[in-house]
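Participant: got a structure for you, letters missing:
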């Protein structure tokens, strides 16, 4: 972790004048990363500073919380895909840290000297036969010596902090830099090195640190739908389910990246997040909208269902506690709120459930069901709910499930159609600045700004974004050497 290395050098510099007389020649063989510290602090000075630090101070010095880490990621202009990989790896390190905390694996010697208990990346126990000296070798640890504290703060394993010598710590940083150099050689245009920005696909960079295509070169090459379907077919059912499920906080993090790439205004962001929260509330209250492949029915004033030729409505639960307050109900269907141009107002008495068949709704963009509840004193309460046409697609309510701290997406009609939907969304994002729908251009007129001004557009964007986000998660699992592609 280069950031931790710099932090250590900074703290050591502040104490070097009081802990060392400034003596000690620089040992070329052992200076390593320390020789690049500010003001040419020598290895001897740092060694003395480190050896005099209590363990609590060392632990406090070599730690970084998730927020600070990802602020640094944003400064380095990581693209959304690389950021997603970092989020995934960070959560795996947190899981690894929790597992070794539960069993004190990094502090227990099993069977005497010669064995060291550790955990592999999926959290299962792994007893590795190594010498006591080898525990300071980062390569024998799943994450190069990284772990997390109980509160999820990134730090190093105790075996790198308890010794009086800096050599163990130097091994960690040198090993990280070696992996970074190897990664840069393998993927010279990827994010994370030297402040490199996003890479344009087929265009030159705009001079603002990123190009038209907001993905680094590591991720610009797309796999065909056929290749993705073949990969999916080879997976077990448990793996498939896990790839269509994501922690809510990680999903929101990726969604925010998409907001930035679309240059969403505050109102449009709020509209999308409102729809996301509504999905979460539906899961919590166990209310499921009766959406069909023809119409999305998102309003919750009362239950209703609309197909291409029929409308059903049920409001008896809404007036269950009204007693004898109401005299009769009327309902109608129209192309606007309060209108009855599709199905005229019908008096149904006190009936709380109705249905109308034989309606021509296949070419209707939106229809409204209006309910009039008449009281005995002649006053009327009017309620309208909207059904939005889906043109044969499954809506977000039938595809996205939010609850219990996780976001889950269904594959829809088929996994092939899932990948095609994601590909279509990505292709739309790749289009040039020709604005076909009257959207606003950015300040430089270089690309359209997408909007989610209405609830329907917000739900469409949310489903499109979720499809691409989960496709990226599947792609990440498809890359065998994914952990070599990002710095640890």
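Facilitator: Great, that's in hand. Please read these numbers as outputs of a predicted model, since none were measured by experiment. Residues are numbered from 1 along each chain as shown.

Participant: Residue 298 reaches residue 388, doesn't it?
Facilitator: Yes. With contacts counted by CB atoms under 8 Å, residue 298 reaches residue 388, the gap being 7.3 Å. Yep, even glycine has a C-beta here, placed from its N, CA and C like the rest.

Participant: mind checking the SS state of residue 283?
Facilitator: Three-state assignment for residue 283 (DSSP: H, G, I helix; E, B strand; the rest coil): helix.

Participant: Number of residues surrounding it?
Facilitator: A total of 16 residues lie near residue 283 under the criterion other CB atoms under 10 Å.

Participant: Hmm, it is touching residue 403, no?
Facilitator: Yes. Under the criterion of CB under 8 Å, residue 283 makes contact with residue 403 at 3.4 Å.

Participant: Pull the distance from the one helix or strand residue 238 maps to to the chain's centre.
Facilitator: Here residue 238, judged by DSSP states H and E, is contained in helix 237-243. Distance of helix 237-243 from the chain centroid (CA atoms, centre = their mean, to the nearest Å) equals 17 Å.

Participant: could you point out which element follows it?
Facilitator: Sequence order places strand 245-247 as the next helix or strand after helix 237-243, per DSSP H and E.

Participant: Mind giving me the packing neighbours of whatever helix or strand comes next after that following strand?
Facilitator: Counting by DSSP H and E, the element after strand 245-247 in chain order, helix or strand, is helix 248-262. When contacts are defined as 3 or more CB pairs under 8 Å, 6 or more residues apart in numbering; DSSP states H and E, helix 248-262 sits against helix 80-103, helix 266-285, strand 406-409, helix 455-478.

Participant: give me that answer again for 6 Å
Facilitator: helix 80-103, helix 455-478 (3 or more CB pairs under 6 Å, 6 or more residues apart in numbering; DSSP states H and E).

Participant: The first one: which residues count as buried?
Facilitator: Residues of helix 80-103 classed as buried: 80-94, 96-100 (neighbour count, 16 or more other CB atoms under 10 Å).

Participant: What mean pLDDT does it get?
Facilitator: On average, the pLDDT along helix 80-103 is 81.

Participant: Could you say which helix or strand holds residue 345?
Facilitator: strand 343-349.

Participant: Can you tell me how far residue 470 is from residue 283?
Facilitator: As judged by CB to CB, to the nearest Å, residue 470 and residue 283 stand 17 Å apart.

Participant: now the end-to-end length of stretch 148-159.
Facilitator: Distances were taken as CA to CA, to the nearest Å; on that basis the terminal residues of stretch 148-159 are 14 Å apart.

Participant: hang on, the earlier thing: take the helices and strands packed on helix 248-262 and write them to JSON lines, including distance to residue 165.
Facilitator: What follows is the helices and strands packed on helix 248-262, written out as JSON lines (distance: least, CB to CB, whole Å):
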{"stretch": "helix 80-103", "distance to residue 165": "23"}
{"stretch": "helix 455-478", "distance to residue 165": "38"}
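
Participant: Okay, and the beta partners of residue 384?
Facilitator: Using DSSP bridges, the bridge partners assigned to residue 384 are residue 370.

Participant: Enumerate every residue touching it.
Facilitator: Contact analysis of residue 384 by CB atoms under 6 Å, 6 or more residues apart in numbering lists 337, 368, 370.

Participant: Show me which of these are buried.
Facilitator: Buried by 16+ other CB under 10 Å: 368, 370, out of these.

Participant: quick one: secondary structure of the most far-flung residue of the chain relative to its centre?
Facilitator: No residue in the chain has its C-alpha farther from the mean C-alpha position than residue 377, which lies at 54.3 Å (CA atoms, centre = their mean). State at residue 377, reduced to three classes by three-state DSSP: coil.

Participant: Retrieve the pLDDT associated with it.
Facilitator: 88.

Participant: And for residue 196?
Facilitator: Note for residue 196: predicted pLDDT of 48.

Participant: The one 5 residues further on too?
Facilitator: In this prediction, residue 201 carries a pLDDT score of 40.

Participant: And for the one 4 residues further on?
Facilitator: In the predicted model, residue 205 carries a pLDDT score of 36.

Participant: hang on, residue 363 is in a helix, isn't it?
Facilitator: No. With three-state DSSP as the criterion, residue 363 is assigned coil and is not in a helix.

Participant: Now do the strand holding residue 345: which elements does it pack against?
Facilitator: Using 3+ CB pairs under 6 Å, 6+ apart, strand 343-349 is in contact with strand 326-334.

Participant: Return the set of buried residues in the strand it packs on.
Facilitator: 329-334.

Participant: Sort out which one of the residues you listed lies nearest residue 240 for me.
Facilitator: Set against residue 240, the nearest of the buried residues of strand 326-334 by CB to CB is residue 333 (40.6 Å).

Participant: contacting residues for the closest one?
Facilitator: With CB under 6 Å, 6+ apart as the criterion, the residues that contact residue 333 are 311, 342-343, 367, 369.

Participant: check which helix or strand covers residue 289.
Facilitator: For residue 289, there is no enclosing helix or strand under DSSP H and E.

Participant: Per-residue pLDDT of it, please?
Facilitator: For residue 289, pLDDT reads 81.

Participant: Quick check: buried residues in stretch 387-404?
Facilitator: By 16+ other CB under 10 Å, the buried positions in stretch 387-404 come out as 387-390, 393-402.

Participant: let me redo that: stretch 151-162
Facilitator: 153-161.

Participant: Same question for stretch 247-267.
Facilitator: Quick answer for stretch 247-267 (16+ other CB under 10 Å): 250-251, 253-255, 257-259, 261-262, 264.

Participant: In TSV: these, plus pLDDT.
Facilitator: Listed next are these as TSV, based on pLDDT from 0 to 100:
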residue	pLDDT
250	92
251	94
253	90
254	90
255	91
257	85
258	83
259	85
261	75
262	75
264	81
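
Participant: Looking at these, which one is closest to residue 69?
Facilitator: Ranked by distance to residue 69 (CB to CB), those are led by residue 253 at 12.3 Å.

Participant: so what's that closest one up against?
Facilitator: residue 87.

Participant: So residue 300: helix, strand or coil?
Facilitator: Assigned by three-state DSSP, the conformation of residue 300 is coil.
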